[in-house]
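Enquirer: Sequence plus the predicted model coming up.
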Amino acid sequence: MNKSITELFGLQGYLVDTIEVENGNSVVQCRSPRRFVACPTCGVTTKKVHQKKYRILRHGKMNRTKIVLRLLVRRMSCRGCHKVFTESLPGVSNKRSTNQFYRFAFELLISNSFRWTGSYCGISPSTLVKQLISLQKQWHIDWDTMGEEIILGIDEHSFRGKIMVITITDLANHKLLAVLKGDQQSYLEEFINSIPPTAQKRMVEACTDLRFSYRSVVERMLPQVRIVADRYHVERQAKYTMDKIRAVVQSQEPKKYQAKDIMMRYASQLNEAEQRRLHNIFMRYREYPVLQEMWFIKEQVRRMYFQGNKKDALKQFNHCLMLLETAHRSSYVTDLKNTLRRWREQILNYYDRRTTNGFTEGCHTKIKLIKRTSFGFRNINNYIAKVTLAFLPLLYILNHHTI
């Protein structure tokens, strides 16, 4: 059979005898080209055939037509130890589907749900889940290929409702390293303990949000790593503080004035009409000067990240603290002031390498898409396996390049 036919069906290393259409399926009859087979017990090669039989295997789909293999499998008789054994064929196990079939199914699963993919491929969703879990267990992080410096990104995202899980990425090489089963310190400690000592020595930075538990674990277990407070979370903390004050100020109004959208945006993003509207908002609530003060502090926090060096950033940081000290009294303002003080060193560490958790947040955006297309998850193991597959789609293809 033409070599291009074997490549078309992903049957490299096999001989294709015939291709027929039966009951709407493309049936490909193939066999191994080898005459001699090595005995798995003693290693002696033999060509004596004890028995032949055909196996029917699912192999994928092409133009919505199912591809079925009629594969010739031989039972060989060893001339050394006189035992009978079945020849091993690449990409074929004791299952009713080839590795090529599951590769095809997993490629569909990246952007579809378990139920839809199983229905399209003709297998049950539970079978697909079992195969994916077994594949996910084979994956291990190759720390040796990550270069001389490793920068960890640590953040959490929602698995289901208020149940949070930790996302860990390599910011230097833009790789998803792991999705842990929870957001407790113990899960992060377990992951760091699994990192080889040689890889731990190459870690130079860890970028995290303003969660003190993550910071304490990294400081204790990776003392040489410089911790960076993520810029996005620092700016968001200032914006949310301002929005909480706005909500309290407007809570007494029977009909709330639309002020949130304008106030949450930065001054550089507003046109002249929007700037006039913002001024009217401040005039409307001039009895609550803390609202305008907090809006100005929010702008100053953002301005801090546009400083050219760490020295200028420190001046701007101290300026923000001074504004918080002199602002009208509010529990929200006090909380923000205390947060900035506790994270002072980590916030200023940003100016050493300008490291952010932007790649990690991008991973979260893709994970949200996975959750929507899968209509949610109830099992955390299935969820982690599906996310791993979406970020490592070539893993299965590289390990199983034939059927």
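Expert: Received the coordinates, thanks. Numbering: from 1, shown residues only.
Enquirer: Give me the pLDDT for the residue lying farthest from the centre of the chain.
Expert: The centre of the chain is farthest from one residue, R79, which by C-alpha atoms, centre = their mean lies 52.0 Å away. R79 is assigned a pLDDT of 85 by the prediction.
Enquirer: Report the contact partners of it.
Expert: Going by C-beta atoms under 8 Å, 6 or more residues apart in numbering, R79 touches 44, 46, 48. For the C-beta atoms, the positions are set from N, CA and C on the backbone; glycine is no exception.
Enquirer: Confirm that it lies within a strand, as I assumed.
Expert: No: counting by DSSP: H, G, I helix; E, B strand; the rest coil, R79 is not part of a strand but coil.
Enquirer: Based on its surroundings, how many neighbours for I19?
Expert: I19 is flanked by 14 other residues according to other C-beta atoms under 10 Å.
Enquirer: Please read the previous query as pertaining to D183.
Expert: So D183, with other C-beta under 10 Å, has 20 neighbours.
Enquirer: before we move on, what SS does it have?
Expert: Secondary structure, three-state DSSP: D183 is coil.
Enquirer: Strands of the chain, start to end?
Expert: In the chain, the strands defined using DSSP state E lie at 15-22, 25-31, 37-38, 45-46, 49-62, 65-77, 84-86, 150-160, 163-170, 175-179, 203-208, 226-229.
Enquirer: Show residues contacting the longest one.
Expert: If I follow you right, that is strand 49-62. Defining contact as C-beta under 8 Å, 6+ apart, one finds that strand 49-62 is touched by 9-10, 26, 28-29, 66-77, 84, 92, 96-98, 100-101, 104, 120-123, 403.
Enquirer: if we go to 6 Å?
Expert: 67, 69-75, 77, 84, 97-98, 100-101, 104 (C-beta atoms under 6 Å, 6 or more residues apart in numbering).
Enquirer: In it, which of the residues would be classed as buried?
Expert: Buried residues in strand 49-62, counted by 16 or more other C-beta atoms under 10 Å: 57-61.
Enquirer: how about JSON lines for the residues you listed, with distance to L321 and pLDDT added?
Expert: Output for those, formatted as JSON lines (distance: C-beta to C-beta, whole Å; pLDDT from 0 to 100):
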{"residue": "L57", "distance to L321": "68", "pLDDT": "92"}
{"residue": "R58", "distance to L321": "65", "pLDDT": "91"}
{"residue": "H59", "distance to L321": "66", "pLDDT": "91"}
{"residue": "G60", "distance to L321": "62", "pLDDT": "87"}
{"residue": "K61", "distance to L321": "62", "pLDDT": "86"}
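Enquirer: Closest to C39 out of these?
Expert: Nearest to C39 among the buried residues of strand 49-62 is L57, at 24.4 Å by C-beta to C-beta.
Enquirer: What does the pLDDT read for M263?
Expert: pLDDT, read off for M263, is 93.
Enquirer: D183 contacts I163, doesn't it?
Expert: No: the pair D183 / I163 is not scored as a contact, 8.5 Å apart, by C-beta atoms under 6 Å.
Enquirer: rewinding a little: L171: which of the buried residues of strand 49-62 is nearest?
Expert: For these, the closest approach to L171 (C-beta to C-beta) belongs to G60, at 36.8 Å.
Enquirer: Run a quick neighbour tally on the residue lying closest to that closest one once chain neighbours are set aside.
Expert: Sequence neighbours aside, F104 is the residue nearest to G60 in space, at 4.1 Å (criterion: C-beta to C-beta, 6 or more residues apart in numbering). By other C-beta under 10 Å, 22 other residues sit near F104.
Enquirer: all helices in the stretch 101-250 of the chain, in order from the N-terminus.
Expert: For the stretch 101-250 of the chain, helices defined by DSSP state H, counting those that start in this stretch occupy the ranges 114-121, 125-138, 185-194, 197-201, 212-221, 231-250.
Enquirer: What separation do you get for K315 and R372?
Expert: Distance from K315 to R372, counting by C-beta to C-beta, to the nearest Å: 45 Å.
Enquirer: among the strands of the chain, which is nearest T334?
Expert: That would be strand 226-229 among those, by C-beta to C-beta, at 19.1 Å.
Enquirer: Mean pLDDT added to the helices of the stretch 101-250 of the chain, as CSV?
Expert: Converted to CSV, the helices of the stretch 101-250 of the chain look like this (pLDDT from 0 to 100):
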stretch, mean pLDDT
helix 114-121, 90
helix 125-138, 85
helix 185-194, 95
helix 197-201, 93
helix 212-221, 95
helix 231-250, 94
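Enquirer: Just send these back as TSV, with distance to M263 too.
Expert: TSV is the format used below for these (distance: least, C-beta to C-beta, whole Å):
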stretch	distance to M263
helix 114-121	43
helix 125-138	45
helix 185-194	35
helix 197-201	44
helix 212-221	28
helix 231-250	6
